[in-house]
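S.K.: Here is the input, now give the coordinates:
(chains A, B and C)
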Amino acid sequence: MWCQQTVTLNAKPRGFHLVTEEILRQIEGLSRINVGLLHLLLQHTSASLTLNENCDSSVRRDMERYFLQAVPDNAPYEHDYEGPDDMPSHIKSSTLGVSLLLPVHRGRVQLGTWQGIWLGEHRIDGGSRRIVATLQGE
Amino acid sequence: MWCQQTVTLNAKPRGFHLVTEEILRQIEGLSRINVGLLHLLLQHTSASLTLNENCDSSVRRDMERYFLQAVPDNAPYEHDYEGPDDMPSHIKSSTLGVSLLLPVHRGRVQLGTWQGIWLGEHRIDGGSRRIVATLQGE
Amino acid sequence: MWCQQTVTLNAKPRGFHLVTEEILRQIEGLSRINVGLLHLLLQHTSASLTLNENCDSSVRRDMERYFLQAVPDNAPYEHDYEGPDDMPSHIKSSTLGVSLLLPVHRGRVQLGTWQGIWLGEHRIDGGSRRIVATLQGE
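M.R.: Numbers count the residues shown, from 1 in each chain, chains lettered A, B, ... in the order given. Reported below is the predicted structural model:
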């Protein structure tokens, strides 16, 4: 069984956001998969998808502070016409990645106890974000 | 054909470890796949899976030194109650990733000549680690 | 339907290169897939595959400058016998990744409007590069 659909994430402020529920509640057909895989592709180059801690929001704040310092806004980028947060967003997007592949078992995504799906919103005003979700299995 | 199973990695010290054989010898059904894919998801947020050099252990030591310096333990993290190696482990886990997808051909994983699977153990005392392995193909 | 093949990329200078067309024109069977996934595995440990901006080459130049500074050639690496660009290439390869999984719909890869496939060539003289492409779908 194959099922492909588009999932939309509401606009969020710059930073890391736990979006496991916002994504999974939009996935049709998940409950019909006994064994399979769910693929998510964020169709943007200035945001990211990653798996990390699903409980304590201080982890997401520390992650944001780390990346603001590791990939600074105020470096002399050549590509700067969309503002100082533009080029750093492209760098963070490739460093963290825009794609996840998750095992499915008995209709549920098999994340670890402490794992959740994070959106890294790297633009100050990124707007809503689009994901292509491809579900396959039997 | 779909086959999903849990693979366990023995506890390892902090650093990068070549785990190709420790993982693959636990994968049942691999020899029955002519063309397919093997997906590995490490179900943790303070370790990582990555592909890198399979021969010279100095590459793994240099990688560890690089990440100890790039993501320092002694930064002023807000999330610090599990010790100074806790938050850096979350950052390294998202930077390196926790998931691999590997092509399978005639019962064998198709890695490059110099590629092996590395576990990045980012905690000082991480304990054993769990991977969900999903194998599919024909 | 499963289809597995090897794709070769011509030798390129150090830096980031847009290779969407060079890869996709070599993929046989793509037009016969209604819904599916295309997996690409770069079989090397000193280069990378990532998705990023497909239009303005200044983004690729800024990315290269960022990684040359973030992972310097002139650090005291233990693994240095292939030259000062050797160990930094391994670090960049694991940071950016060597594998992509792309949704396919009606015979076409479903990238976002601004997304393209980049090769990160991290060696000064990396030579041609090999990718195992695994296509599946219905």
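S.K.: tally of neighbours for A:A75?
M.R.: By the measure other CB atoms under 10 Å in any protein chain shown, the count of residues near A:A75 is 15. Every residue, glycine included, has its C-beta placed from N, CA and C.
S.K.: which ones are touching it?
M.R.: Residues near A:A75 by CB atoms under 8 Å, 6 or more residues apart in numbering or on different chains: A:M87, A:P88, C:Y66.
S.K.: A helix includes the last one, no?
M.R.: Yes - with DSSP: H, G, I helix; E, B strand; the rest coil as the criterion, C:Y66 is located in a helix.
S.K.: How many neighbouring residues does it have?
M.R.: C:Y66: 21 neighbours (other CB under 10 Å).
S.K.: That one is in contact with A:V71, isn't it?
M.R.: Yes - the criterion here is CB atoms under 8 Å, and C:Y66 meets it with A:V71 at 7.2 Å.
S.K.: Spell out which parts of chain A neighbour chain C.
M.R.: Within chain A, the positions adjacent to chain C are A:2-4, A:39, A:41-45, A:70-71, A:75, A:77-79, A:87, A:90-91, A:93-95, A:97-99, A:101, A:130, A:132, A:134, A:136 by CB under 8 Å from any CB of the partner chain.
S.K.: let's see 6 Å
M.R.: A:2, A:4, A:39, A:41, A:43-45, A:77-79, A:87, A:90-91, A:94, A:98-99, A:101, A:132, A:134 (CB under 6 Å from any CB of the partner chain).
S.K.: Between C:Y66 and A:V71, which contacts overlap?
M.R.: Counting by CB atoms under 6 Å, 6 or more residues apart in numbering or on different chains, the contacts common to C:Y66 and A:V71 are A:I91.
S.K.: ok, the spatially most central residue of chain A to C:I124 distance?
M.R.: Centroid-nearest residue in chain A: A:L49, 2.2 Å away (criterion: CA atoms, centre = their mean). Counting by CB to CB, to the nearest Å, the separation of A:L49 from C:I124 is 32 Å.
S.K.: And the strands in chain A, which stretches?
M.R.: A:2-9, A:15-18, A:35-42, A:47-53, A:99-105, A:108-109, A:115-121, A:129-137 (DSSP state E).
S.K.: Looking at the ones you listed, which is nearest to B:E28?
M.R.: strand A:35-42 (13.6 Å; CB to CB).
S.K.: What separation do you get for A:C3 and C:E138?
M.R.: A:C3 is 11 Å from C:E138, by CB to CB.
S.K.: ok, the two, which is more surrounded?
M.R.: A:C3 (18 against 11).
S.K.: List the residues that contact that one.
M.R.: A:G29, A:L135.
S.K.: Tell me the pLDDT of it.
M.R.: Note on A:C3: pLDDT of 97.
S.K.: residues near the nearest residue to A:E78 once chain neighbours are set aside, how many?
M.R.: Setting aside the residues directly before and after it, A:E78 is nearest to C:S58 in space (CB to CB, 6 or more residues apart in numbering or on different chains), at 4.4 Å. Residue crowding around C:S58 was assessed by other CB under 10 Å; the count is 15.
S.K.: same deal with A:G15?
M.R.: 17.
S.K.: Quick check on the residue in chain A that chain B sits nearest to: phi, psi?
M.R.: Residue of chain A nearest chain B, by CB to the nearest CB: A:G112 (2.9 Å). Main-chain dihedrals, A:G112, degrees, to the nearest 10: phi -70, psi 170.
S.K.: What about it, how many residues nearby?
M.R.: 18.
S.K.: shouldn't it be in contact with B:Q43?
M.R.: Yes - using CB atoms under 6 Å, A:G112 is in contact with B:Q43, at 2.9 Å.
S.K.: Distance check, A:T95 against C:E64.
M.R.: Taking CB to CB, one finds A:T95 at 14 Å from C:E64.
S.K.: And A:R106, by the same measure?
M.R.: Counting by CB to CB, the gap from A:R106 to C:E64 is 46 Å.
S.K.: Between those two, tell me which one has more neighbours.
M.R.: Using other CB under 10 Å as the criterion, A:R106 and C:E64 rank with C:E64 on top: 17 against 9.
S.K.: Spit out the contact partners of that one.
M.R.: C:G15, C:F16.
S.K.: rerun that using 8 Å as the cut-off
M.R.: C:E64 touches C:R14, C:G15, C:F16, counting by CB under 8 Å, 6+ apart.
S.K.: Same question for A:Q69.
M.R.: By CB under 8 Å, 6+ apart, A:Q69 has no neighbours at all.
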